[in-house]
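give me a 3D structure for the following:
(chains A and B)
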Amino acid sequence: MMKKVKINSNPSAENKNVDCGDKSNIFFDLERNYLDADHNKKQFLSTGKQVTLEKSNVLRHVINWTSDAKEPKKRFYYTDEFKQSFHATDEFEKWCDFVETINIDFKQEHSSPNDILNLFKGVSLPHSRRVIKEFLGAARDYLAQKNELIEESLSEISSESARRFLFLAPLLADRKFHVYINSTNGCVNVDFGTRDNGVLTTLISDNGQVHYSYVAQNHRIYKLTGTAKFKNSKDFIKFNKILQML
Amino acid sequence: MSGNNLRSVQINNGNASRYIKPKWINCGNLSTAAFDLRVGPPPESYVSHFMTEGVGIQRFTFAYEIISKKIEKCHVGSIALLDVSEALAEVNDGDAPFIKFEEKGLPHCGLIYLTEDQAQIQEAKATLSIIAQRNMMPAADIATAFSGTKRIS
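From the prediction side, this is the model:
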């Protein structure tokens, strides 16, 4: 969990507190980031200056300021969920930036799953390592099967689908799933068991679309099926909306 | 693949069995990979199944007898049964059918996808997994039952 520093009235003071006008007290993380009332993500510099980093869309509903001076000042606390999301978004975007830079190409003869794993050497992957290893295991199985077949050949593993799967790695770190390469199109398929003994299957296509289908039995078999479309790699964090069905 | 040239006769009922590789079962759940098609050359236009007969355990032993002749090490995996009429009813619940079963030189038959829409195929595969998972047995257990049946007969 993120440590917090309380800031009030004087940013240079030892207690690191700052007066936020009628916005009461807010808690900063150790990087001195916080959200203002307009949801701008800001940073408090050691000089006492505040800089706006970006517009944040993280859990806006949590913020509930009061500007009515007659009302008693309300102390605002970020919830754990908020704090985690706030940091997770930063971390996720850094991860996406990294994945964008790596060369994933299973078609090249010198490019084996082990070579792909080597691309992650030196990268801090506290949670995503298992996800990446499972994916590369699936790729290895698929390539082995592909090499065994003489008359029948399988589709090449889609590099773009693989990259999009890797964007999702931090989101899958705490999930049980089964990943395999779809032999029809070479895209990555991820299956999840659901709480009601059903299945959520997702096909991560190479164009930013994720086809998902949740099927389980209640009185009869019911299905929730659709296509998510992500045009920016950093929007893949919203894949969580699909995972929330689990 | 040879079944591609046979006259197409649709199957609407009965039990279709399929060999399930060990890697398709994860934490007791049947992966949707079990209903994937392979592409060519030559392209695989259907997912192979074998029609089986009998009731109860007989359906499995009958299926095992056929499948064990085709797949040498089938005892390491499992055999799943699909009730064809149930599968057709549960999967084809849209405006147009998504799948059909066709004879491919009985007892061999093929599950054919009638759509190229990946979202619909995902839904069909997930539905088939749920149905097949209810009727699935390890092949080793079936082999034991099968040898017992042979001794009795």
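
can I get the helix or strand where residue A:225 lies in CSV, CA atoms only?
Taking DSSP states H and E as the definition, one finds residue A:225 inside strand A:221-229. C-alpha atoms of strand A:221-229 as CSV (Å, rounded to 0.1, in the frame of the first residue of the first chain):
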residue,chain,number,x,y,z
ILE,A,221,-27.2,-21.2,-20.3
TYR,A,222,-26.8,-17.5,-20.5
LYS,A,223,-24.3,-15.4,-22.4
LEU,A,224,-22.8,-12.0,-22.3
THR,A,225,-20.9,-11.4,-25.6
GLY,A,226,-19.4,-8.4,-27.2
THR,A,227,-16.4,-6.7,-28.7
ALA,A,228,-14.2,-4.1,-26.9
LYS,A,229,-12.3,-1.7,-29.0
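
counting neighbours, which bits of the helix or strand harbouring residue B:63 end up buried?
Assigned by DSSP H and E, residue B:63 belongs to helix B:57-70. Within helix B:57-70, the residues scored as buried using 16 or more other C-beta atoms under 10 Å in any protein chain shown are B:59-68. (C-beta placed from N, C-alpha, C; glycine too.)

which helices and strands sit right next to the next helix or strand after it?
From helix B:57-70 onward toward the C-terminus, using DSSP H and E, the following helix or strand is strand B:78-83. Applying 3 or more C-beta pairs under 8 Å, 6 or more residues apart in numbering or on different chains; DSSP states H and E, one finds that strand B:78-83 contacts strand B:15-20, helix B:57-70, helix B:118-134, strand B:136-138, helix B:139-152.

what's the mean pLDDT across the shortest one?
What strand B:136-138 shows for mean pLDDT is 91.

and if you look at the second one?
Per-residue pLDDT values over helix B:57-70 give a mean of 89.

which elements pack onto it?
Partner elements for helix B:57-70 (3+ C-beta pairs under 8 Å, 6+ apart): strand B:15-20, strand B:47-52, strand B:78-83, helix B:139-152.

which stretches of chain A form strands?
A:4-7, A:26-29, A:33-35, A:40-44, A:50-55, A:178-181, A:188-193, A:199-204, A:209-217, A:221-229 (DSSP state E).

residues of stretch B:18-31 that come out buried?
Under 16+ other C-beta under 10 Å, the buried positions of stretch B:18-31 are B:18-20, B:24-26, B:29-31.

same thing with stretch B:88-101?
B:88, B:90-92, B:98-101.

residues of chain A that sit close to chain B?
Those residues of chain A that sit near chain B, judged by C-beta under 8 Å from any C-beta of the partner chain, are A:141, A:151-155, A:176, A:178, A:180, A:182-185, A:189, A:191, A:193, A:198-203, A:205, A:211-217, A:221, A:223, A:225-227.

for the closest residue to residue A:96 other than its chain neighbours, the count of nearby residues, please.
For residue A:96, ignoring the flanking residues on the chain, the nearest one in space by C-beta to C-beta, 6 or more residues apart in numbering or on different chains is residue A:233 at 4.4 Å. Residue A:233 is flanked by 19 other residues according to other C-beta atoms under 10 Å in any protein chain shown.

same check on residue B:119?
By other C-beta under 10 Å, the residues close to residue B:119 number 18.

so it touches residue A:211, yeah?
Yes: look at residue B:119 against residue A:211 with C-beta atoms under 8 Å: they come within range, at 4.3 Å.

what is in contact with those two at once?
A:226-227 (C-beta atoms under 8 Å, 6 or more residues apart in numbering or on different chains).

quick check: end-to-end length of stretch A:226-245?
Terminal residues of stretch A:226-245 lie 13 Å apart, using C-alpha to C-alpha, to the nearest Å.

er, stretch B:15-28 actually
Using C-alpha to C-alpha, the end-to-end distance of stretch B:15-28 comes to 22 Å.

so for it, mean pLDDT?
Stretch B:15-28 comes out at a mean pLDDT of 90.

now stretch B:81-95
On average, stretch B:81-95 scores 93.

pull out the CA atoms of it and give them to me as PDB.
Extracted in PDB, the C-alpha atoms of stretch B:81-95 (Å, rounded to 0.1, in the frame of the first residue of the first chain):
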ATOM      1  CA  LEU B  81     -19.700 -35.900 -25.200                       C
ATOM      2  CA  LEU B  82     -21.900 -33.300 -26.900                       C
ATOM      3  CA  ASP B  83     -25.700 -33.800 -27.100                       C
ATOM      4  CA  VAL B  84     -26.100 -32.600 -30.700                       C
ATOM      5  CA  SER B  85     -29.600 -31.400 -30.300                       C
ATOM      6  CA  GLU B  86     -28.800 -29.500 -27.100                       C
ATOM      7  CA  ALA B  87     -25.600 -28.000 -28.600                       C
ATOM      8  CA  LEU B  88     -27.500 -26.800 -31.700                       C
ATOM      9  CA  ALA B  89     -30.300 -25.300 -29.600                       C
ATOM     10  CA  GLU B  90     -28.000 -23.600 -27.100                       C
ATOM     11  CA  VAL B  91     -25.500 -22.200 -29.700                       C
ATOM     12  CA  ASN B  92     -27.900 -21.300 -32.500                       C
ATOM     13  CA  ASP B  93     -30.000 -18.900 -30.500                       C
ATOM     14  CA  GLY B  94     -29.400 -15.900 -32.800                       C
ATOM     15  CA  ASP B  95     -31.200 -14.800 -36.000                       C
END
